[in-house]
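Student: With the sequence up front, the predicted model follows.
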Amino acid sequence: MAEDLDALLDEVETKFCRLQALGAVGKRDRGGGEEAAGERDRSAKILTKAVVDEEDIDDVIKDIIDESSFSKKPMKLKSKSASPTSERNSVSIQAHGKSCCPVYLGGSSTPRGIGTNISQRTCDQLRCTACDFHVSHYNDYQWDKSCDYLFFRNNMPELSKLRAKMIKKKGSRAYACQCSWRSIDELTDLQTDRQLRWVCGKHVE
């Protein structure tokens, strides 16, 4: 755009110089009759074209200013739209960041929810890091002593098949994933059972 503007200015300057030179010749040759009249006609045409070219220069400059101001507007809009996105992300992180600490297991009479040292609730969002499976729990039941790894591997989480080795016991709670199982009667800190690979899968409030 700058090169086109310089070329246009050079063209206008050249035509104005020619116009001045032709005007000087016209003064010296006033008695030339028809030649002088012809020169005046050509000079008038050149002057008209020069004025038009000057208007074109103004239009080009105006276009440059408009393009510069237009290119700045999207940047402002982008900076404004970035703020709500970051706010939504922070809200999302807060909503999905609640975990039990410590993680408790417990019988059917123990309330479920987010467990803390003050609010001792049993976690109902347990997940096993060994088999990557959700830990299911069943109130007022315990597992039969004949349960083994293959039983849970083949039958979890189909309750109709699991019932074959579930024993009714009020106050107890039966926990199981595809590789581990426990029957719990009272509040228990999960850290005390070193064999379990269960963790809190986080709670959504």
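Tutor: In hand now; what should we look at? Residues are numbered from 1 along each chain as shown.

Student: Could you give the number of residues near residue 167?
Tutor: 13 (other Cβ atoms under 10 Å). C-beta here means a position set from N, CA and C on the backbone, and glycine is covered the same way.

Student: Contacts for the strand or helix carrying it, please.
Tutor: Following DSSP states H and E, one finds residue 167 within strand 166-176. Residues outside strand 166-176 that contact it (Cβ atoms under 8 Å, 6 or more residues apart in numbering) are 105-110, 122, 126, 135-144, 152, 156, 162, 181-185, 198.

Student: same thing but at 6 Å, please
Tutor: 107-109, 135-144, 152, 182-185 (Cβ atoms under 6 Å, 6 or more residues apart in numbering).

Student: can you list the domain ranges for this structure.
Tutor: The chain resolves into domains spanning 2-95, 104-200 when parsed by automatic domain parsing.

Student: Can you flag the weakest of the ones you listed by average pLDDT?
Tutor: Here the lowest mean pLDDT among these goes to domain 2-95, at a mean of 55.

Student: Quick check: residue 179 vs residue 148, distance?
Tutor: 11 Å (Cβ to Cβ, to the nearest Å).

Student: And these two? Which one has more around it.
Tutor: Neighbour totals were compared for residue 179 and residue 148, and residue 179 leads with 16 against 9 (other Cβ under 10 Å).

Student: quick one: the more buried one from residue 103, how far?
Tutor: 18 Å.

Student: Next: residue 147.
Tutor: Distance from residue 147 to residue 103, by Cβ to Cβ: 23 Å.

Student: Then residue 177?
Tutor: To residue 103, residue 177 is 14 Å away according to Cβ to Cβ.

Student: Run through the helices of this structure in chain order.
Tutor: With DSSP state H as the criterion, the chain has helices at 2-28, 34-95, 149-155, 159-162.

Student: Name the residues that touch the third one?
Tutor: If you take Cβ under 6 Å, 6+ apart as the criterion, helix 149-155 is touched by 161-162, 176, 178, 181.

Student: Return the member of the residues you listed nearest to residue 115.
Tutor: residue 176 (19.5 Å; Cβ to Cβ).

Student: Let me know how buried residue 153 is, in neighbour terms.
Tutor: Close neighbours of residue 153, defined as other Cβ under 10 Å, add up to 13.

Student: Residue 179 versus residue 150, what's the distance?
Tutor: 10 Å.

Student: again with residue 151
Tutor: Residue 151 is 11 Å from residue 179, by Cβ to Cβ.
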